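Visitor: Got a predicted structure plus its sequence, pasted below:
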Amino acid sequence: MFSADPAHATLLGRMAQEGESPLAVLPLAGGAFGASSAGALALSARRLWLTQPQLLGGPSTASVPLASVGAAGVSAKRPLLGGPGAVRVELVVDGRALRFTTRAGRAAAEEFLRALDAAR
């Protein structure tokens, strides 16, 4: 699984260094207008992973045990200024709601959450 997106490639490389294999990957969009590259969420058998670009330097990567991940949901995000719509993914991690935006579509986001449910 290779990617031209540096944040995505960094995530997969970090997972490989830790001996983890991705079960599911969801690209993220960021910024006020949903810039195309804002990192990715990934799921392994034991952990939920996040990578995101930094203002300076390469992408940063973090992970949490699946036991720390609670409720999860998907909802439509209203397009800004008539632009293309996006999907919001909400995950509760250690009791805190975290919200991410993806342009991968609702089906891809729901598939990611189904993989998360199955891994837990």
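Guide: Looks like it arrived, so ask away.
Visitor: Could you look up the SS state of the residue nearest in space to the middle of the chain?
Guide: With distances taken as CA atoms, centre = their mean, the residue of the chain nearest its centroid is residue 41 (2.2 Å). Local secondary structure at residue 41 is given as strand here, using DSSP: H, G, I helix; E, B strand; the rest coil.
Visitor: could you say which helix or strand contains the nearest residue to it once chain neighbours are set aside?
Guide: Counting by CB to CB, 6 or more residues apart in numbering, residue 41 lies nearest to residue 26, which is 4.6 Å off, once chain neighbours are set aside. In this view, the C-beta of every residue, glycine as well, is placed from N, C-alpha and C. Element membership of residue 26, judged by DSSP states H and E, is strand 24-27.
Visitor: for that strand, packing partners?
Guide: Applying 3 or more CB pairs under 8 Å, 6 or more residues apart in numbering; DSSP states H and E, one finds that strand 24-27 contacts helix 6-17, strand 40-43, strand 96-102, helix 106-119.
Visitor: Residue 48 versus the residue nearest to the centre of the chain, what's the distance?
Guide: For residue 41, the distance to residue 48 under the criterion CB to CB, to the nearest Å works out to 7 Å.
Visitor: now do residue 65
Guide: Note on residue 65: its distance to residue 48, by CB to CB, is 8 Å.
Visitor: Which strand residues bridge the residue lying closest to residue 115 once chain neighbours are set aside?
Guide: Among residues not flanking residue 115 along the chain, residue 24 sits closest, at 3.9 Å (CB to CB, 6+ apart). According to DSSP bridges, the partner residues bridging residue 24 are residue 43.
Visitor: wait, what's in contact with residue 24?
Guide: For residue 24, the contact set (CB atoms under 8 Å, 6 or more residues apart in numbering) comprises 42, 43, 111, 112, 115, 116.
Visitor: Tell me the gap between the helix or strand containing residue 73 and the middle of its chain.
Guide: With elements delineated by DSSP H and E, residue 73 resides in strand 69-77, which encompasses its position. For strand 69-77, the distance from its own C-alpha centre to the chain's C-alpha centre is 12 Å (CA atoms, centre = their mean, to the nearest Å).
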